[in-house]
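Chemist: Curious how this folds, go ahead:
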Amino acid sequence: MMRARSDRMRRQYKTIVLIPTMGFLHEGHLSLIKEGHKHGDDMAVSIFVNPTQFGPEEDLESYPKNLERDLELLQEEGVDAVFTPDAKEIYGNKFQTYVTLEKLPNYLCGLSRPIHFRGVATVVAKLFNTVKPHVAVFGRKDYQQLVVIRQMVRDLDFGIEIIGAPTVREPDCLAMSSRNKYLTSEQRISALSLYKSLQKAKELIKSGVQDAATIIDWATELIQSYPETDIDYIAICDTETLVDIQIIDRPVQMALAVRIGKARLIDNMLLNP
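Modeler: Have a look, this model is predicted:
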């Protein structure tokens, strides 16, 4: 039905915009929809908790869901179509074809989540083939995901414009995430260390520090000064290849992932020397 609807919209010369989500929507997702409205006149949102991007010890079964509330929010935002497939509809019974990128998944989150980006690229490719958008919007909070999707679209000639939308933050500057729900009030204070470390890096670079290792050491010490923080990675890397940068003599991306209690949180920031 979704594919037939998209064909009909295209025959009517509508510009289809897709926002792929896993549901449990928050203001960050809604900001993607607001951005999407600027780029087309037919807004589609997908809601699908994709099992192939979760590792065996990750939170697939406990990932938060509230479809009824999601649909109410999407109606308020003027969304034209909502695609809510189940795993059987996406993958069938004998699925065996995956989209695998050779280099970009070998950095940042891909090091501790080795199957994650294979699952992301595969499901997004399938959503693209079903919804047939002209434009798709992804948040910059999931920076590596954004870079992976852009590369896949170029490599496989999808002909879809990929828009990267700014990270939306809570009033206390914690990056919005469905997984913030896992945090206790004490853990939330610790979670603010991610943003504080990015701000500290920005200050250090402004003061003339160019050595990436020095900045990472500062960030590590800051985050570890908070209780229940377990650093997965802190990296300063090239904005396109994600390769580690030693000397900051051009714009770079600083990205980090930290486990706090049940939550694995990520954040990032573009740093300019």
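Chemist: does D267 sit in a helix, a strand or a coil?
Modeler: Under DSSP: H, G, I helix; E, B strand; the rest coil, D267 falls in the strand class.
Chemist: got the contact list for the closest residue to it other than its chain neighbours?
Modeler: The shortest distance from D267 to any non-neighbouring residue, by Cβ to Cβ, 6 or more residues apart in numbering, is to L194 (4.3 Å). For the C-beta atoms, the positions are set from N, CA and C on the backbone; glycine is no exception. For L194, the contact set (Cβ atoms under 8 Å, 6 or more residues apart in numbering) comprises L174, A175, I223, L256, V258, L265, I266, D267.
Chemist: in stretch 52-59, what counts as buried?
Modeler: T52, Q53, F54 (16 or more other Cβ atoms under 10 Å).
Chemist: now, among those residues, which is nearest to G110?
Modeler: When the buried residues of stretch 52-59 are compared for distance to G110 (Cβ to Cβ), Q53 wins out at 11.2 Å.
Chemist: Pull the contacting residues for that closest one.
Modeler: Contacts of Q53 by Cβ under 8 Å, 6+ apart are I115, H116, F117, R118, G119, V120, V123.
Chemist: Check the gap between the fourth one and Y98 for me.
Modeler: According to Cβ to Cβ, to the nearest Å, R118 and Y98 sit 5 Å apart.
Chemist: shared neighbours of the two, anything?
Modeler: Both R118 and Y98 are contacted by T52, under the criterion Cβ under 8 Å, 6+ apart.
Chemist: Who has more neighbours out of these two?
Modeler: Neighbours were counted for R118 and for Y98 using other Cβ atoms under 10 Å; R118 has more, 19 against 13.
Chemist: That one sits in which helix or strand?
Modeler: Using DSSP states H and E, R118 sits in helix 116-131.
Chemist: And that helix, how far out from the chain middle?
Modeler: Remark: helix 116-131 is offset 13 Å from the chain centroid, using Cα atoms, centre = their mean, to the nearest Å.
Chemist: For it, buried residues please.
Modeler: Under the neighbour-count criterion of 16+ other Cβ under 10 Å, helix 116-131 has 116-128, 130-131 buried.
Chemist: which other helices and strands contact it?
Modeler: Here helix 116-131 touches helix 2-11, strand 16-21, strand 42-47, strand 81-83, helix 109-112, helix 143-155, going by 3 or more Cβ pairs under 8 Å, 6 or more residues apart in numbering; DSSP states H and E.
Chemist: now the shortest one: how far from the chain's centre is it?
Modeler: The reference is to strand 81-83. Computed by Cα atoms, centre = their mean, the chain-centroid distance of strand 81-83 equals 20 Å.
Chemist: now swap in stretch 9-16 and tell me
Modeler: In this view, stretch 9-16 has its centroid 27 Å away from the chain centroid, taken as Cα atoms, centre = their mean.
Chemist: following the lengthiest helix in the chain, which helix or strand comes up?
Modeler: Criterion DSSP state H: the longest helix present in the chain is helix 185-206. Per DSSP H and E, helix 185-206 leads on to helix 212-224 as the next helix or strand towards the C-terminus.
Chemist: For that following helix, list the C-alpha coordinates in PDB.
Modeler: Taking C-alpha atoms only, helix 212-224 is exported to PDB below (Å, rounded to 0.1, in the frame of the first residue of the first chain):
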ATOM      1  CA  ALA A 212      43.400  16.200  19.800                       C
ATOM      2  CA  ALA A 213      44.800  13.900  22.400                       C
ATOM      3  CA  THR A 214      45.000  16.700  24.900                       C
ATOM      4  CA  ILE A 215      41.400  17.600  24.300                       C
ATOM      5  CA  ILE A 216      40.300  14.000  24.600                       C
ATOM      6  CA  ASP A 217      42.200  13.600  27.900                       C
ATOM      7  CA  TRP A 218      40.400  16.700  29.200                       C
ATOM      8  CA  ALA A 219      37.000  15.300  28.100                       C
ATOM      9  CA  THR A 220      37.800  11.900  29.600                       C
ATOM     10  CA  GLU A 221      38.700  13.300  33.000                       C
ATOM     11  CA  LEU A 222      35.600  15.500  33.000                       C
ATOM     12  CA  ILE A 223      33.200  12.700  32.200                       C
ATOM     13  CA  GLN A 224      34.800  10.300  34.600                       C
END
